[in-house]
Structures are given as structure tokens and as C-alpha cells.
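> I need the structure of the sequence given here:
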Amino acid sequence: MKSLSSRTVRTALVAVAAGALVLTGCSENKGKTSGTDSKKDQEEASVQSKAVVYEDAAASTGPAKEVAGAKSGGTVTVYQEAGLSHLDPGQIYVSDAGQVANLLFRGLTNFQEDGKGNVSVVGDLATDSGTSSEGGKTWKFTLKDGVKDQNGNVITSADIRHSVERLYAKFIFDGPTYLQTWLSGADYRKALPDGGYGSKHLPASVLDTPDDKTVIFHFDTARPDLPQTLAMPGYTIVPEKTDTKEKYDKAPVSTGPYKISEYKLGKSLKLVKNTNWDPKTDSVRHQYVDGYDFSFGITESTQTKRLIADQGVSKSAIQLTGSVDATQIQDVVSDAATNKRTIKGYQPYVMVLAFNLDRVKNKAVRDAVTYAVNSKSLIAGEGGAYGGDVAPNLFAPTLPGYEAKYDPYGRLTNPSGNIAEAKKLLADVPAAEKKLVFAYANTEQGQRRKVAIEDALTKVGIDVVAKEVDGASYYEQIGKLDNPYDIYISGWGQDWPSPGTVVTPVYDGDQVADGAPNYSHIDDPKVQELIKKALTQEPTEAAATWKEAHHYILEKINPSAPLWYTKQLQLYGSNIGGARYSTESSYIDVNNLFLKS
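Predicted coordinates for the structure are as follows:
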């Protein structure tokens, strides 16, 4: 959600954990009908759960399996509305930058998809998905031979250590924090204030690199999800020799199949082949095309028009994280030839209207807004049934523990809003508390959302003061603790299918910090107690605790009004080959693309 095309939601590119997978339409797209039957879509999203396998060295050895009919050469044009907020791996926690990261950066592990809904964790820079011991408290990784950065420097364990330690630096504020907090606790920055740039490093009892090829993580409790965590774009590698600290965000060094040849912030990005990338070391990525030309500032309506027309460079173009413009969906799905050039699927994101609890302190106001918001109108702006479903709660249908009938605010019964109930709650509320500053992104999608929110809240007597925010820095702005806004739309998709990757990042009081995804600033002792309890339990026991936490958060505190669950519908040009829906990213799979001619 940063260079935030319509539905690019702040997330760590949805990963998968043992025992669960996500999303419908996860096989190669054949123009399926996702979007026409919400109940069926949700059922498929919840039942298509397959165990994720942690793969061995054989599965982690490249080259990646060839894509049928793939050819080499040519340049893929990429249409995107807003620019990228970050390219520093440590700052990437958003889908658009995560998509680009797949082309540029490599981590210790990665996700591998087979196009049939099966996802596994493989070694990327590492020889396999990792070896655990001491009941999961210790994880060992061995680096592959022959892995170099774009400058020809060999990647060693020192680069892995550096990439982890730099996450402790103050200038890294917008990425995931799982690994750091697991290693050093909630106040992890205190453990390494200079981010490893000085003489101090993490002790070997925490992060050990006994030789150039070996990396060992030591935790105080079992961390069975570590291989998935390390596969997140935010944990890909920054070579120590070329780290330029804050400046790295604008000119990062590649370890993947492509490298940056030109970057004009907010305008364009050109990628060319990284000649130091060795396909024999990579079991996931390909290097079929010569490069990628990203054009920013292309609205979704313009993207859609160009791709429907399918002329010139648009024949070789894709939408990165944008979606088919809502007003043109029928033009796409009603034409058989155009519909064949789409990917569709159920995303893992829950869109909410977050309340800044530092400013909106009256729960009666929060409840009134929750009753008043018009999910039906908002979803219409997303493309109707193809764009999303009404969200009755804060867990998505793709998440283990999802309760389809849990609807404490009657969102399913009154998808257009319960005006009477909202007015009743606001009857005795002072006028000053009914004036709310609403932040919205200055994108086409943001404008539509603004209209829907203003219309719904005005009907119940709330004075909405709308404030426009730059789309590229939207999440950065609402992520500031001292922001001047009362309410703002945000979205979250699980980092892997566990309720803990929703409750902990978004509703954990320890995550109240600049750049953290706790946008409501919720910090409640009961929630903290339940989080701590769930994290020490086995999955079956933990499920009940996460459920209790979910109900308590939504009913007793209400930090965010649930709005809608998102679906994906993207379009690509007729010369694009290898296009399929990625269950890991919930967008077009950029790893397999080629040009047909």
C-alpha cells in the first residue's frame, strides 16, 4: 500500500505456515469465475489449506523448473499508480516493493510455488530451508557456493549477520520486526543501538557465524516459523561492503536475477539482467526477459484501458499490484478474449477503518462509526463482487480460526450501515468529539474511498474533515505516532497463516512505534496477556486464545472498524507468457514471466 495501487495492502507478502495455505484461484488462471459467488469464494479460501513443506537441499538447488513455452528476450512494461516508498530490503513491508524485491533480492529462504496450490519453503541463499535443534530454539543455515551480488562480491555469513544487525538501526523503521524481537526482545534496538555499524555485534549466543558459510540463530523459545519469516522480503540481504545506510533505499545492490539501471523516484524504474546471478543457485526465479520498465503515475483506469486495448507496448505489459479499474470490470470479464488475460483470487487482506486511539478516545464514537460505515458502497468502488466481500470481523477467510458468522456489529445484516444504531450511540456525544479528521491517499482509489466514508459518516451527524495524503507515503504518514489524523483506512494480510501474524503486529501494545503497523496505537493489558499466552501454546490451544483475543479486541476496545475482505483481479497484455496467480504474494507471479515474441 504505498505506491499504493488500489488494493496493495500493507503486508509482508503473505507467506504460508505449516498446516495452512491461502487463497482461491491459486492454480494457473484459466479465466475462472472468482468474484461471482462470495460464499463459494470464502469457502474455497478456507478449505484450500495444504501443509507447507520445508524442503531439503535437492529442492533448493537450481535452476528453477522451466516454464512451458518460455522464451528469452524482450522487456516487460509494468504499470503502477504510485511510486515505491522503499527499496531498502530492511524497509520493505508492503506488497508493491515486495513484488520488486522478488526480482532484485535474495534471502536465506524463499517460497516456491508449483502453480497447483502447493507452496513450500526452500533454501535461497541457504542450501536448504534450515535445520532446527533444541526443540526449535536453534536454527542452522549453510550458504550455497557461488552466490554473488551484482558487483561480483561473494555473499558470506558476514553479509547475513550484517543484514540482521542493521535492522536494529534507527533509520530502519518501516519493515518487519519478527526476527529482531525474537532475538532481542521488544526493545531490541537497545541491544544494538548502532545497528552493527560500529564495533559491537550481537553475541554468538544470539547470532553465530562460526565460518563464512554458516549462520546459526539462537532463540529463547521455539521458533518453528523461522523459515517462513526469513522468506519475507524484509529479511533479504544487504551486502556489507556496499551498504550506504540511509542512502541505500535509493540505490540498493542486487543479489537476484535483475539489477537497477535507472531509478527516478516516483516516475520510473528500469531493471536489467544481473550478470552475476547464477541460475544454478536459484530454484525459484527465472531470467527470461532482458528487463523491466516500471512506469509510475499510471492510474488504474488508464492501466486498464491500455491493457484492454492491447496495443503497442501494452501487449507486453502487466499490472504489478494494481487491479482492473472497478468501472471497467464488466468490460474485462464479459469479453472472453480479454478475460483470458486476467488473474483472479481471494486475497488475505482485511481492510479496516483504523481509529487513532490517542485522539478518538470515546468508544461510543468508535462504535457509532463502525455501525455507520457503508461496506457495500466501499466494495462497489473496489469492483463489486470481483473486488471484495463485506468483512464482519478482523480475521480474513484465508486465516485459520476464521469465523464466518462472527459479526458483532451486524455488518453482514446491514452492509450499507446501521444508521439508526449509529445515531443512537452519538445522541449524547459532544459536538467536538463528532468532528473526525480522515486521512486518505491521493489516488483514484483513495478518492472513491473518501467519498464513501464522508457520505456514510455525514448521514449520522459526524463532521468529516478529509485530509489528502501522498499515495506513495500514505502508510508512512499514518504510521507516525504523532500523526494529525483521527481515522484512516488501512489493511493487513497475515504474514503467514497464523492469527498471531495478525493480532501481534497490528494489535500488540509492544508494537506501538513509528512505522509499526499498530495504526490504532492500541495498548491494552488484557490483549498483551492473551498474546503472551497464545505465543507459548501449541497451535490447537493457541487457536482458542487467539479467538478470545480477537473477540475482546473487536468488542471491548474496537480499535478498527472492519470494512471488507479483498479479492484480486489483474490484467496483462497478450504477449505476456507464464502469467499466473501467486498464492504467496496474492498478485501476478513475477518469477515466471516471459514474452511470447
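> mind checking the longest helix of the chain?
The residue-count maximum for a helix in the chain (DSSP state H) belongs to helix 444-459.
> so for that helix, what's the average pLDDT?
The predicted model assigns helix 444-459 a mean pLDDT of 96.
> which other helices and strands contact the helix or strand that it is followed by?
Downstream of helix 444-459, the first helix or strand assigned by DSSP states H and E is strand 463-469. Where contact means 3 or more Cβ pairs under 8 Å, 6 or more residues apart in numbering; DSSP states H and E, strand 463-469 is packed against strand 435-441, helix 444-459. Placement of C-beta: from N, CA and C, glycine included.
> Quick check: can you name the pairing partners of strand 463-469 and their directions?
Partner strands and pairing direction for strand 463-469 (DSSP bridges) are strand 435-441 (parallel).
> Can you give me the buried ones in the strand it pairs with?
Neighbour-count burial for strand 435-441 flags Leu436, Val437, Phe438, Ala439, Tyr440, Ala441 (criterion: 16 or more other Cβ atoms under 10 Å).
> Please apply the same query to stretch 72-86.
Under 16+ other Cβ under 10 Å, the buried positions of stretch 72-86 are Thr75, Val76, Thr77, Val78, Tyr79, Gln80, Glu81, Ala82, Gly83, Leu84, Ser85, His86.
> Dump that stretch to CSV, keeping only the CA atoms.
This file holds the C-alpha atoms of stretch 72-86, laid out as CSV (Å, rounded to 0.1, in the frame of the first residue of the first chain):
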residue,chain,number,x,y,z
SER,A,72,14.2,-15.4,-23.7
GLY,A,73,14.4,-11.7,-24.5
GLY,A,74,12.4,-8.5,-24.5
THR,A,75,11.3,-6.1,-21.9
VAL,A,76,8.2,-6.2,-19.7
THR,A,77,6.4,-2.9,-19.1
VAL,A,78,5.0,-2.5,-15.6
TYR,A,79,2.1,-0.1,-14.9
GLN,A,80,1.8,1.2,-11.3
GLU,A,81,0.0,4.1,-9.9
ALA,A,82,2.1,5.4,-7.0
GLY,A,83,5.8,5.3,-6.6
LEU,A,84,7.7,2.9,-4.3
SER,A,85,8.3,4.2,-0.8
HIS,A,86,11.2,1.9,-0.2
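> distance of the residue with the largest distance to the centre of the chain from Gly461?
What lies farthest from the middle of the chain is Asp428; by Cα atoms, centre = their mean that is 40.0 Å. Using Cβ to Cβ, to the nearest Å, Asp428 is found at 12 Å from Gly461.
> Then Ala391?
Ala391 is 24 Å from Gly461, by Cβ to Cβ.
> These two: which is more packed in?
Set side by side, Ala391 and Gly461 show more neighbours around Ala391, with 26 against 16, by other Cβ atoms under 10 Å.
> quick one: secondary structure of the nearest residue to that one once chain neighbours are set aside?
Nearest-residue entry for Ala391: Pro562, 4.0 Å, with adjacent residues in sequence omitted and distances by Cβ to Cβ, 6 or more residues apart in numbering. Following DSSP: H, G, I helix; E, B strand; the rest coil, Pro562 is assigned to strand.
> Go ahead and confirm Pro562 touches Arg411.
Yes. The pair Pro562 / Arg411 is scored as a contact, 6.3 Å apart, by Cβ atoms under 8 Å.
> how many neighbours does Val451 have?
Neighbours of Val451 (other Cβ under 10 Å): 15.
> Show the contacting residues for it.
Counting by Cβ atoms under 8 Å, 6 or more residues apart in numbering, Val451 touches Gly381.
> measure Ala336 to Thr342 for me?
11 Å.
> Which of these two has more residues huddled nearby?
Thr342 (28 against 8).
> beta partners for the more buried one?
Leu571.
> Check the spacing between it and Ala380 real quick.
Thr342 is 20 Å from Ala380, by Cβ to Cβ.
> Wasn't Asn102 part of a helix?
Yes. Read with three-state DSSP, Asn102 is one of the residues of a helix.
> Quick check: it touching Gly256?
Yes. At 7.3 Å, Asn102 counts as touching Gly256 under the criterion of Cβ under 8 Å.
> shared neighbours of those two, which are they?
Listed contacts common to Asn102 and Gly256 are Arg285; contacts here mean Cβ under 8 Å, 6+ apart.
> before we move on, back to that, go through the buried residues of strand 435-441 and name the one nearest Val215.
Of all these, Ala441 has the smallest distance to Val215: 38.8 Å, by Cβ to Cβ.
> Between the helices and strands packed on strand 463-469, which one is closest to Gly312.
helix 444-459 (22.9 Å).
> Show me the shaky parts of the stretch 451-597 of the chain.
497 (pLDDT under 70).
> Show the residue spans covered by the helices in it.
Per DSSP state H, counting those that start in this stretch, the stretch 451-597 of the chain carries helices over the ranges 474-478, 500-507, 525-534, 539-552.
> Deepest-packed of those helices, please.
The highest mean neighbour count among the helices of the stretch 451-597 of the chain, using mean count of other Cβ atoms under 10 Å, belongs to helix 500-507: a mean of 24.
> Could you chop this structure up by domain?
If you go by automatic domain parsing, the domain ranges for the chain are 52-294+572-595, 346-567.
> can you put the ones you listed in CSV and add distance to Arg306?
Shown next, in CSV, are the domains of the chain (distance: least, Cβ to Cβ, whole Å):
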stretch, distance to Arg306
domain 52-294+572-595, 7
domain 346-567, 15
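> Of all the helices and strands packed on strand 463-469, which one is nearest Leu307?
Proximity to Leu307 (Cβ to Cβ) singles out helix 444-459 among the helices and strands packed on strand 463-469, at 15.6 Å.
> What residues sit buried inside the closest one?
Buried residues in helix 444-459 (16+ other Cβ under 10 Å): Glu444, Gln445, Gly446, Arg448, Arg449, Lys450, Ala452, Ile453, Glu454, Ala456, Leu457.
> can I assume the fifth one is in contact with Leu378?
Meaning Arg449. Yes. If you go by Cβ under 8 Å, Arg449 and Leu378 touch, sitting 6.3 Å apart.
> quick one: common contacting residues for Pro562 and Arg411?
Ala391, Pro392.
> Kindly export the helix or strand harbouring Lys270 (C-alpha atoms) in CSV.
Using DSSP H and E, Lys270 sits in strand 268-273. Output of strand 268-273 as CSV, limited to C-alpha atoms (Å, rounded to 0.1, in the frame of the first residue of the first chain):
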residue,chain,number,x,y,z
SER,A,268,10.2,5.3,-13.4
LEU,A,269,12.4,2.3,-12.6
LYS,A,270,14.4,0.3,-15.1
LEU,A,271,15.7,-3.2,-14.4
VAL,A,272,18.3,-5.1,-16.5
LYS,A,273,19.8,-8.5,-16.1
